[in-house]
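**Student:** pasting the structure only:
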């Protein structure tokens with residue numbers, strides 16, 4: 001097999017925000033970064049993987065017991081399934097007592113399994129704690145950034161909200177523009193530019209927040225219409241961070257947009273109004289809605 005064909009076999013697809021990227025020529029073993037895989041896997045995949053490992057461990061140890069000469073007492077007819085039940089009791093350190101090792105071989109295999117069980121339980125406890133204790137923000141980002149006049153100037157706007165309605169103190173936002181370019185030597189590259197925001201900090205993010213970037217002559221977006229954004233394959237990256245008062249930790253959230261997501265000549269529908277009794281009312285059913293004009 002040729003080297004090129006071998007590299008194609010190693011190609012894999014990864015997601016960076018909303019973009020799919022095909023990587024080639026980098027071989028990474030499944031076990032090379034297993035801790036990262038355990039932390040980033042979805043909960044169904046994590047639980048399913050843990051169950052498969054548990055079953056595999058017990059199946060192997062049950063086979064070792066089954067190969068011995070009656071190493072476990074009170075096992076009728078030496079059936080494999082009974083050794084499997086004993087293995088589950090031993091690996092989980094339950095130890096009901098009706099079956100127990102009765103030979104040196106049985107004690108030896110049980111000792112190895114007990115050590116494996118204690119080690120695996122500690123590892124699983126640590127992984128579950130790490131997954132639950134990771135700080136995360138529940139921020140809702142508008143589906144589409146919009147560009148329209150604000151305070152008499154063309155402005156890029158992105159709306160976001162705190163879904164939990166708790167306080168995120170000292171919230172900060174940073175917005176970047178990504179676009180393709182060509183160097184003087186004719187080399188293609190992708191460059192990013194930070195877009196200054198009218199207000200990049202909020203002392204207490206509890207409800208909604210709209211970010212504004214004024215498109216003036218100093219803005220990297222200046223003079224770009226929809227066709228121009230497509231020509232440079234423009235994209236936006238937004239990162240919001242702050243201190244979560246409930247979790248007592250710093251939380252982060254990010255959102256990316258493609259050029260096709262940006263709606264020029266549109267504005268967000270109004271979601272804030274005051275009720276007759278003076279309370280502020282927010283209509284999140286119109287959070288993603290945009291209006292022309």
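**Tutor:** Perfect, I can see it now. Model, not experiment: these values are computed from the prediction.
**Student:** and the spatially closest residue to residue 283 that is not a sequence neighbour, how many neighbours?
**Tutor:** Using C-beta to C-beta, 6 or more residues apart in numbering and skipping residues adjacent in sequence, the residue nearest residue 283 is residue 271, 4.8 Å away. To be clear about C-beta, it is placed using only N, CA and C from the backbone, and glycine gets the same treatment. Neighbour count for residue 271, taken as other C-beta atoms under 10 Å: 18.
**Student:** separation between residue 271 and residue 235?
**Tutor:** Going from residue 271 to residue 235 by C-beta to C-beta, to the nearest Å gives 26 Å.
**Student:** repeat for residue 67
**Tutor:** Using C-beta to C-beta, residue 67 is found at 59 Å from residue 235.
**Student:** Quick test: name the residue nearest the centre of this structure.
**Tutor:** residue 40 (6.2 Å; C-alpha atoms, centre = their mean).
**Student:** now the lengthiest helix in the chain: how far from the chain's centre is it?
**Tutor:** Longest helix in the chain, counting residues (DSSP state H): helix 104-133. Computed by C-alpha atoms, centre = their mean, to the nearest Å, the chain-centroid distance of helix 104-133 equals 28 Å.
**Student:** Same check on stretch 103-114?
**Tutor:** The chain centre lies 41 Å from the centre of stretch 103-114; the measure is C-alpha atoms, centre = their mean.
**Student:** buried sites along it?
**Tutor:** Residues 105-106, 109-110, 113 are the ones in stretch 103-114 that count as buried (16 or more other C-beta atoms under 10 Å).
**Student:** tell me what the longest helix of the chain is packed against?
**Tutor:** The contact analysis (3 or more C-beta pairs under 8 Å, 6 or more residues apart in numbering; DSSP states H and E) places helix 104-133 against helix 34-40, helix 43-67, helix 80-91.
**Student:** any idea of the mean pLDDT in it?
**Tutor:** Mean per-residue pLDDT for helix 104-133: 90.
**Student:** Which of the helices or strands spans the closest residue to residue 201 other than its chain neighbours?
**Tutor:** The spatial neighbour of residue 201 that comes closest, neighbours along the chain excluded (C-beta to C-beta, 6+ apart), is residue 172 at 5.2 Å. Secondary-structure assignment from DSSP states H and E places residue 172 in strand 168-182.
**Student:** Can you name the element that comes right after that strand?
**Tutor:** Remark: after strand 168-182, the chain's next helix or strand is strand 188-195, criterion DSSP H and E.
**Student:** That next one pairs with which strands?
**Tutor:** Strand 188-195 pairs in its sheet with strand 168-182 (antiparallel), by DSSP bridges.
**Student:** Tell me how far the partner strand lies from the chain's centre.
**Tutor:** Average the C-alpha atoms of strand 168-182, do the same for its chain, and the two points are 19 Å apart (C-alpha atoms, centre = their mean).
**Student:** Give me the mean pLDDT for that strand.
**Tutor:** 93.
**Student:** List the buried residues for that strand?
**Tutor:** Going by neighbour count (16+ other C-beta under 10 Å), the buried part of strand 168-182 is 168, 171, 173-175, 177-179.
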